[in-house]
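# Below is the sequence, then the predicted model.
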Amino acid sequence: TDATLVPTAALAADLAGEGIPGVRVVGRGVDTALFDPARRSRALRESWGVDDDTLVCLHVGRLAAEKNLGLAVRAFAAIAAHPPRAKLLWVGDGPQRKALQAAHPDHLFAGMRRGDDLAAHYASADLFLFPSLTETYGNVVAEAMASGLPTLAYRSAAAAELIVDGENGATVTPGDEKTFIDTARQLAADAPLRRTLGHAARTTLLPRSWPHVVAQFENVAREIIAG
């Protein structure tokens, strides 16, 4: 094998440390035309029962235990205990949905969404909470950032690759739940900071469109073929 392609520099370092030669990073792409802040929809927000002064916190992904959903619930509870008004929106489905709905009837559950509909859900939210520690990459982080959402995640997988803490999003040390919750509350209380981070997130993701990723792959392939 002349090259082993991986999506993140961290994974490349792990494999190289195990003695695997020729590891190359070809990051994953995101459809920056689909996931776009311009898809923000007042009508969609009205269907959620929220106005412009309500902070919508978003989680997108499988509703399952391995996604560490309890931390998203606790972070949102900390947010909701202080102004501004807030709602937590879950996009996705899975084995924990029924229990979440029963325990938190005040939360919004949108189920599975795809295509333009999914993109509108991203763009119409205000803060993306992603507490998972089990991702090999985490496409939803890239989708949220391309949608102009300020994103809070643990510093691993896609978040470690894409987010510069305090510049285009927020990351915390994996497993540090207290800092995750404290940071969520700080972001919720600071609308100008959220706007700044969201704009920078969109700018960060623009060069990671799929045509750019395909060009990266082609360059690696040509180098390997050329020996």
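Sure thing, it's come through.
# Quick check: chain neighbours aside, which residue is closest to the most centrally placed residue in the chain?
Among the residues of the chain, residue 141 comes closest to the average C-alpha position under Cα atoms, centre = their mean, at 2.2 Å. Here the nearest residue to residue 141 in space, its sequence neighbours aside, is residue 158; by Cβ to Cβ, 6 or more residues apart in numbering that works out to 4.2 Å. Heads up, the C-betas are built off the backbone N, CA and C, glycines and all.
# show me what contacts the one you found?
7, 8, 28, 135, 137, 138, 139, 141, 142 (Cβ atoms under 8 Å, 6 or more residues apart in numbering).
# mind listing which of these are in helices?
Using DSSP state H, 139, 141, 142 are the members of the contacts of residue 158 that sit in helices.
# for those, which one is nearest residue 103?
Each of the ones in helices among the contacts of residue 158 was scored against residue 103 by Cβ to Cβ, and residue 141 proved nearest at 25.8 Å.
# Run a quick check on the closest one versus residue 130, I expect a contact.
Yes - contact status for residue 141 versus residue 130: in contact at 5.9 Å, counting by Cβ atoms under 8 Å.
# Give me the common contacts of the two.
In contact with both residue 141 and residue 130: 151, 153, 159, using Cβ under 8 Å, 6+ apart.
# Roughly how far does the last one sit from residue 115?
Okay, so that is residue 159. With distances defined as Cβ to Cβ, to the nearest Å, the gap from residue 159 to residue 115 amounts to 24 Å.
# same check, this time on the second one
To residue 115, residue 153 is 24 Å away according to Cβ to Cβ.
# What are the contacting residues of stretch 189-209?
Applying Cβ under 8 Å, 6+ apart, the external contacts of stretch 189-209 come out as 27-33, 35, 37, 82-84, 126-127, 142, 144-151, 162-163, 167-170, 187.
# switch the cut-off to 6 Å
29, 30, 32, 145, 146, 148, 149, 150, 167, 168, 169, 187 (Cβ atoms under 6 Å, 6 or more residues apart in numbering).
# what about that stretch, average pLDDT?
For stretch 189-209, mean pLDDT is 96.
# What residues sit buried inside it?
When neighbours are counted by 16 or more other Cβ atoms under 10 Å, the buried residues of stretch 189-209 are found to be 194, 197, 198, 200, 201, 202, 204, 205, 208, 209.
# cool, stretch 160-176 as well?
Neighbour-count burial for stretch 160-176, counted by 16+ other Cβ under 10 Å, picks out 160, 161, 162, 163, 168, 169, 170, 171, 172.
# So which of those sit within helices?
Secondary structure assignment (DSSP H) places 160, 161, 162 from the buried residues of stretch 160-176 within helices.
# Quick check: pLDDT value at the last one.
Same thing as residue 162. We note a pLDDT of 95 for residue 162 in this prediction.
# And it, how far from residue 151?
When Cβ to Cβ is applied, the distance between residue 162 and residue 151 equals 9 Å.
# And the second one, by the same measure?
Distance, residue 161 to residue 151, by Cβ to Cβ: 12 Å.
# And for residue 187?
Using Cβ to Cβ, one obtains 9 Å as the distance from residue 187 to residue 151.
# Please say which of these two ends up with more neighbours.
Neighbours per residue, other Cβ atoms under 10 Å: of residue 187 and residue 151, the larger number sits with residue 151, 28 against 25.
# Touching, that one and residue 169? I think so.
Yes - taking contact to mean Cβ atoms under 6 Å, the distance of 4.3 Å between residue 151 and residue 169 places them in contact.
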